[in-house]
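**Q** what's the 3D shape of this:
(chains A and B)
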Protein chains: 2
Amino acid sequence: MYIPTYQDMLEAHERIRPHIRRTPIRTSDYLNELTGAKLFFKCENFQEPGAFKVRGATNAVFGLSDAQAAKGVATHSSGNHASCLSYAAMLRGIPCNVVMPHTAPQAKKDTVRRYGGRITECEPSTSSREETFAKVQAETGGDFVHPYNDPRVIAGQGTCSKELIEDTDGLDFVVAPIGGGGMISGTCLTLSTLAPETKVIAAEPEQADDAYRSFKAGHIIADDAPKTIADGLLVPLKDLTWHFVKSHVADMFTAADPEIVEAMKLTWKHLRVVMEPSSAVPLATILKNKAYFKGKRVGVIITGGNVDLDRLPWMQG
Amino acid sequence: MYIPTYQDMLEAHERIRPHIRRTPIRTSDYLNELTGAKLFFKCENFQEPGAFKVRGATNAVFGLSDAQAAKGVATHSSGNHASCLSYAAMLRGIPCNVVMPHTAPQAKKDTVRRYGGRITECEPSTSSREETFAKVQAETGGDFVHPYNDPRVIAGQGTCSKELIEDTDGLDFVVAPIGGGGMISGTCLTLSTLAPETKVIAAEPEQADDAYRSFKAGHIIADDAPKTIADGLLVPLKDLTWHFVKSHVADMFTAADPEIVEAMKLTWKHLRVVMEPSSAVPLATILKNKAYFKGKRVGVIITGGNVDLDRLPWMQG
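**A** Below is the predicted model of the structure:
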């Protein structure tokens, strides 16, 4: 297992800089008053494909040798990693193969195809996905870019916190959502060197709290079929992300689905940005733990903004 | 009639700079491809009270003498001007009286009150509004800040285009929505001196096209009870705004309500910002006039982001 270094992150930032956006930081007096903290929202939903995952994907794609690049990249994902990897591959002009369950939302498939990604559908089971992916990879020779358990991806995600620290005047905390742990690992990687006084906090849906339970237990615990509105956070930790979580995350908080939806709506209303339920988990946990964050300067990573505008969570049920 | 000057706009910018946000400019490769133009969206929806109107309101409020400031300001409005003037008055710590029809949405009233504005309700008719406002003004001595037909307000709105020009590398067009004409007038005021090569285009809802018809006829024509989803654009031109429209607007385009809703949804999806229907009129007109804007660099002012998240226009009917 190769653990990416601070130098890897710096090189990633140089590599991806021409291809990604330096996203703005938004603040809201209203949300500051409501929480009692000073919040700095890093808008990764403003990346062209709408998610921070373009950072790791672009770092992997543009780090390939020309020989490997000719064969392209491959992954399995039905979320933002699939569209961001397709987007990065399109920018370099190389093939991208994505294995995705046939049950994935049509909008996700459309986005991958819009960026030139080639989709191979599988059954919605781990065995079918692994079998299908092995076949696709054997046929194409595409380089496997895992959605999060990949040092190139983690180094890429770490560039987000570098910008966040550069564009603010010191932070007490950075809070980011945790699913597989790619963003949190990148945040730990960067802040442990660049701003060791800034504590990294992971925020997780109560109904998919495997990382929280792992963190408390001291070893990886997987969820059994988690189900939450924050559908970007269903995947489990892996060895590489667990390394960063256990060695540098200062604390972990959870929030229930109704709290996540409420925080999402608050952000839409007062920051006036479109973001996914997963991105609302940090604010939901801050609202639940006001005493902990009181008076502190808190960076909050808005991880993505790809949401079905026809099916907003507060308009259902 | 005092016509505000470029120097007034420069002084306005110095005056309001500590109190407003320098809003970011967002771009979208997707929307550029879709329109064939290069679009630069100035996000005035990211002002704390969610609209460009905070610029003119803040300029008026902070330009008052101490003696006048003690008596505060007053206006009639049930839209963004009411909340922005209340917000500016709160920043200076002075009273703000707002006359509003009792039929105005509760959310608008709540926002004005959150910023410390004092609401006096009237009947939803011009005569009742004028009578009530005269009474309120006589009682309080508050300085009347008209929503748009006021040189201080127009000079304040003009600071938006100054930032837009400073933060882009030259523009062929700036497109902004037109209702009473405050933003368009400020845009004309600034660009006619700062960037005379940049053409000012006004975008109006087809179902409230009084400015369009006035522009074509060469004199002010008022609408008879206009009705459009773009409810920030219902008010008519007045002498001061008509002066700027007739002397410097290069062209005017209209769009129908379904086109406005479609443009609004496109922006939410691809720029990932929350904006009002009124703010979508420019993109709707650009999509209808692609040949006109083809290959051009186009500034688009997103005027506001105060929208009822429980009643989005594409989820009705």
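**Q** compute the number of surrounding residues for whichever residue of the stretch 51-200 of chain A sits closest to chain B.
**A** Chain B sits closest to A:Arg114 of the stretch 51-200 of chain A, with a gap of 8.3 Å, by C-beta to the nearest C-beta. All C-beta atoms are positioned from the backbone trio N, CA, C, and that covers glycine. Applying other C-beta atoms under 10 Å in any protein chain shown, we find 14 residues neighbouring A:Arg114.
**Q** what do you get for A:Cys122?
**A** 23.
**Q** wait, doesn't it sit right on A:Ala104?
**A** No - using C-beta atoms under 8 Å, A:Cys122 is not in contact with A:Ala104, being 9.9 Å away.
**Q** could you pull out the strands for chain A?
**A** A:25-26, A:38-43, A:73-76, A:96-101, A:118-122, A:143-144, A:173-177, A:199-205, A:249-255, A:297-302 (DSSP state E).
**Q** switch these over to JSON lines; also include mean pLDDT and distance to chain B.
**A** Formatted as JSON lines, the strands of chain A follow (pLDDT from 0 to 100; distance: least, C-beta to the nearest C-beta, whole Å):
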{"stretch": "strand A:25-26", "mean pLDDT": "97", "distance to chain B": "7"}
{"stretch": "strand A:38-43", "mean pLDDT": "98", "distance to chain B": "8"}
{"stretch": "strand A:73-76", "mean pLDDT": "97", "distance to chain B": "20"}
{"stretch": "strand A:96-101", "mean pLDDT": "96", "distance to chain B": "17"}
{"stretch": "strand A:118-122", "mean pLDDT": "96", "distance to chain B": "19"}
{"stretch": "strand A:143-144", "mean pLDDT": "97", "distance to chain B": "25"}
{"stretch": "strand A:173-177", "mean pLDDT": "98", "distance to chain B": "17"}
{"stretch": "strand A:199-205", "mean pLDDT": "98", "distance to chain B": "20"}
{"stretch": "strand A:249-255", "mean pLDDT": "98", "distance to chain B": "20"}
{"stretch": "strand A:297-302", "mean pLDDT": "98", "distance to chain B": "9"}
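**Q** and the end-to-end length of stretch A:193-209?
**A** End-to-end span of stretch A:193-209 (C-alpha to C-alpha, to the nearest Å): 28 Å.
**Q** ok, stretch A:217-224 next?
**A** From start residue to end residue, stretch A:217-224 stretches across 17 Å - C-alpha to C-alpha.
**Q** quick one: buried residues of it?
**A** The neighbour-count criterion (16 or more other C-beta atoms under 10 Å in any protein chain shown) identifies A:Ile220, A:Ile221, A:Asp223 as the buried residues of stretch A:217-224.
**Q** wouldn't the second one be in contact with A:Arg213 here?
**A** Yes - under the contact definition of C-beta under 8 Å, A:Ile221 touches A:Arg213, with a separation of 4.7 Å.
**Q** quick one: A:Phe52 and A:Asn306 touch, right?
**A** No - counting by C-beta under 8 Å, A:Phe52 does not reach A:Asn306; the two are 11.6 Å apart.
**Q** verify the stated contact: A:Val153 with A:His146.
**A** Yes - counting by C-beta under 8 Å, A:His146 is a contact partner of A:Val153 at 6.7 Å.
**Q** neighbour count winner among those two?
**A** A count of neighbours by other C-beta under 10 Å puts A:Val153 above the other of A:Val153 and A:His146, at 32 against 20.
**Q** just the pLDDT at the closest residue to that one other than its chain neighbours, thanks.
**A** Spatial nearest neighbour of A:Val153, excluding adjacent residues (C-beta to C-beta, 6 or more residues apart in numbering or on different chains): A:Gly56 at 3.4 Å. Looking at A:Gly56, its pLDDT reads 98.
**Q** contacts only, for A:Gly56.
**A** A:Cys84, A:Tyr148, A:Asp150, A:Arg152, A:Val153, A:Ile154, A:Ala155, A:Gly156, A:Gln157, A:Gly182, A:Gly186 (C-beta atoms under 8 Å, 6 or more residues apart in numbering or on different chains).
**Q** so how many other residues sit close to A:Leu34?
**A** 16.
**Q** ok, the one 10 residues further on next?
**A** Around A:Glu44 there are 29 other residues, counting by other C-beta under 10 Å.
**Q** that one and A:Glu163: what is the separation?
**A** Per C-beta to C-beta, to the nearest Å, A:Glu44 is found 10 Å from A:Glu163.
**Q** need the residues touching each of these two.
**A** In contact with both A:Glu44 and A:Glu163: A:Thr23, using C-beta under 8 Å, 6+ apart.
**Q** about what we covered before: of the buried residues of stretch A:217-224, which is the nearest to B:His19?
**A** A:Asp223 (47.8 Å; C-beta to C-beta).
**Q** so what's A:Asn80 closest to, chain neighbours aside?
**A** Using C-beta to C-beta, 6+ apart, the closest residue to A:Asn80 is A:Ala51 (3.8 Å).
**Q** now A:Arg22
**A** A:Glu163 (5.9 Å).
**Q** go on, A:Lys199?
**A** A:Ala250 (3.8 Å).
**Q** in stretch A:163-177, what counts as buried?
**A** Quick answer for stretch A:163-177 (16+ other C-beta under 10 Å): A:Glu163, A:Leu164, A:Ile165, A:Thr168, A:Leu171, A:Asp172, A:Phe173, A:Val174, A:Val175, A:Ala176, A:Pro177.
**Q** and the helices in chain A?
**A** A:6-16, A:29-35, A:53-62, A:66-71, A:80-92, A:106-114, A:126-140, A:151-166, A:182-194, A:210-217, A:239-248, A:257-270, A:281-288, A:290-293 (DSSP state H).
**Q** check contacts around the residue in the stretch 151-300 of chain A positioned nearest to chain B.
**A** Nearest residue of the stretch 151-300 of chain A to chain B (C-beta to the nearest C-beta) works out as A:Arg272 at 3.7 Å. Contacts for A:Arg272 (C-beta under 8 Å, 6+ apart) come out as B:Asn45, B:Phe46, B:Gly50, B:Val273, B:Val274, B:Met275, B:Gly305.
**Q** so what does the helix or strand of chain A with the lowest mean pLDDT touch, helix or strand wise?
**A** Here the helix or strand of chain A ranked lowest by mean pLDDT, DSSP states H and E is helix A:106-114, holding a mean of 91. When contacts are defined as 3 or more C-beta pairs under 8 Å, 6 or more residues apart in numbering or on different chains; DSSP states H and E, helix A:106-114 packs onto helix A:80-92, strand A:96-101, strand A:118-122.
**Q** which residues are in contact with the shortest one?
**A** The list of residues contacting strand A:118-122 from outside it, by C-beta under 8 Å, 6+ apart, reads A:76, A:95-102, A:109, A:112-113, A:128-129, A:131-133, A:136.
**Q** please identify the residues of the stretch 1-150 of chain A in proximity to chain B?
**A** A:Pro24, A:Arg26, A:Ser28, A:Asp29, A:Tyr30, A:Asn45, A:Phe46, A:Glu48, A:Gly50 (C-beta under 8 Å from any C-beta of the partner chain).
**Q** among the residues you listed, name the buried ones.
**A** Judged by 16+ other C-beta under 10 Å, buried ones among the residues of the stretch 1-150 of chain A next to chain B: A:Pro24, A:Arg26, A:Ser28, A:Tyr30, A:Asn45, A:Phe46, A:Glu48, A:Gly50.
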